[in-house]
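Q: show me the folded form of this:
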Amino acid sequence: MNQLEQIVAFVRVAELGSYTRAAEALDLSRTRVSRQVMALEEALGARLIQRTTRRLHLTEAGERYLMRAQGILVALDEAAAEVGQGTSDVRGRLRVNGPMSFGTRYLAPLVAQFMHAHPALEVRLDLNDRRVDLLEEGYDVAIRIGSLPDSSLVARRLTRCRLLFCASPEYLSSHGEPRSVQALAEHRCLRYRSGQNSADWQLPAQPLAVHGPLESNNGDVLTQAAEAGLGIAQQPSFLVTESILSGRLVPILTNEPAVRLDVHALYPARRYLPAKVERFIDLLTEAWGDPPIWEQAIGLSPITQQ
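A: Next up, the predicted model:
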């Protein structure tokens, strides 16, 4: 076996505390990861990981070796990235994570475009709405919309969008159009809720408590409900652009100050950013623009600095 692969397998197992999770991060079978670690131990003549039926932990030799091995892998990444900055060849494996609804609409097409431009590149694109741990799960870059938690990751803003109030023409014909944000309290409101977070609507000054017949943790569900005339929705612009263009939804309260949502690329802090990551981020920035293409399509002007 390749000893570098053995070292990578050992570091992943040690960092994640699990052969199964390490195998998922490396896109290998659990059996192969286990064999790589055992082969490394045999080559070194030392036990690195103590295995039990319930958990695993590093031996004293394993802890010492982990510190050295992590430094070696970081140095190799930086060396590869430094060399990669001087060549137009983008190859290897790029692991990308992004939110589900946004990713299917605006991220996936650009991944395909990037792969056509760089045929030697392999990409794994995972879309979900949970906050993944880039370092723990092995992602090169993640796309995030909205506020960011404090972390050791590097954040680069790609563009920004806004939250829009929308309703179907049928709903507005039956219930009237609210003339102020405060009047929303008298309407049927479709609310987004994630986990235990509040379903109140975001406003620039303070949240607004609203009520209505539907809550969901998926924006597409709320968009479809709004199109069906069930109430008013507050949605990111990228979710409702197509509905507005088709006339299925009508934006309302457009003169009110907008809540801005920044779209960021997150990636691990490194001295040298790998060429595949840097050029992928550059593509996203150029393709989406500011204001983003989905807001340009419905005639929204750039968001003023807040």
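Q: going forward, measure contacts and count neighbours with C-alpha atoms only.
A: Noted.
Q: could you chop this structure up by domain?
A: Domain assignment for the chain, taken from automatic domain parsing, gives 3-84, 92-159+261-296, 161-259.
Q: same list (those domains) but as TSV, adding mean neighbour count and mean pLDDT.
A: Converted to TSV, the domains of the chain look like this (neighbours: other CA atoms under 10 Å; pLDDT from 0 to 100):
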stretch	mean neighbour count	mean pLDDT
domain 3-84	16	85
domain 92-159+261-296	17	89
domain 161-259	18	91
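Q: Three-state assignment for the nearest residue in space to residue 240 that is not next to it in sequence, please.
A: Spatial nearest neighbour of residue 240, excluding adjacent residues (CA to CA, 6 or more residues apart in numbering): residue 223 at 6.9 Å. At residue 223, secondary structure determined by DSSP: H, G, I helix; E, B strand; the rest coil is helix.
Q: all strands for this protein, in order.
A: Ranges of strands in the chain, per DSSP state E, are 49-51, 56-58, 92-98, 121-127, 141-145, 154-167, 189-192, 214-216, 232-236, 250-252, 260-267.
Q: if we can go back for a sec, quick one: the residue nearest to residue 240 from residue 35, how far?
A: Going from residue 223 to residue 35 by CA to CA, to the nearest Å gives 49 Å.
Q: residue 187 is in contact with residue 233, correct?
A: No. Contact criterion CA atoms under 8 Å: residue 233 and residue 187 do not qualify, at 10.5 Å.
Q: report all helices and strands that the longest helix along the chain contacts.
A: Taking DSSP state H as the criterion, the chain has its longest helix at helix 60-84. Helix 60-84 sits against helix 3-16, with contacts defined as 3 or more CA pairs under 8 Å, 6 or more residues apart in numbering; DSSP states H and E.
Q: so who does the residue nearest to the spatial centre of the chain touch?
A: The centroid of the chain falls nearest to residue 98 when counting by CA atoms, centre = their mean (2.9 Å). By CA atoms under 8 Å, 6 or more residues apart in numbering, the contact list for residue 98 reads 107, 125, 126, 127, 128, 129, 142, 143, 144.
Q: thought the third one was touching residue 94?
A: No. Taking contact to mean CA under 8 Å, the distance of 11.1 Å between residue 126 and residue 94 leaves them out of contact.
Q: which stretch among the domains of the chain comes nearest residue 302?
A: Of all the domains of the chain, it is domain 92-159+261-296 that lies closest to residue 302, at 5.0 Å by CA to CA.
Q: now the end-to-end length of that closest one.
A: 35 Å.
Q: do the same with stretch 267-278
A: Start-to-end span of stretch 267-278 (CA to CA) is 10 Å.
Q: next one: phi and psi at the residue of the chain most remote from its centre?
A: Largest separation from the mean C-alpha position in the chain: residue 45, at 41.6 Å (CA atoms, centre = their mean). Here is the backbone geometry of residue 45 (degrees, to the nearest 10): phi 70, psi 30.
Q: what about it, distance to residue 6?
A: 14 Å.
Q: contacting residues for residue 155?
A: Neighbour list for residue 155: 264, 265, 266, 267 [criterion: CA under 8 Å, 6+ apart].
Q: so what's it bridging to?
A: residue 266 (DSSP bridges).
Q: separation between it and residue 111?
A: 19 Å.
Q: over to residue 159?
A: In terms of CA to CA, residue 159 sits 17 Å off from residue 111.
Q: swap in residue 161?
A: As judged by CA to CA, residue 161 and residue 111 stand 20 Å apart.
Q: what values do phi and psi take at residue 193?
A: For residue 193, the backbone dihedrals (degrees, to the nearest 10) come out as phi -130, psi 130.
Q: and it, what does it touch?
A: The neighbourhood of residue 193, defined by CA under 8 Å, 6+ apart, consists of 199, 215, 216, 217.
Q: ok, now which ones touch the third one?
A: This means residue 216. Residues near residue 216 by CA under 8 Å, 6+ apart: 191, 192, 193, 194, 222.
Q: not counting sequence-adjacent ones, nearest residue to residue 121?
A: Counting by CA to CA, 6+ apart, residue 121 lies nearest to residue 91, which is 4.3 Å off, once chain neighbours are set aside.
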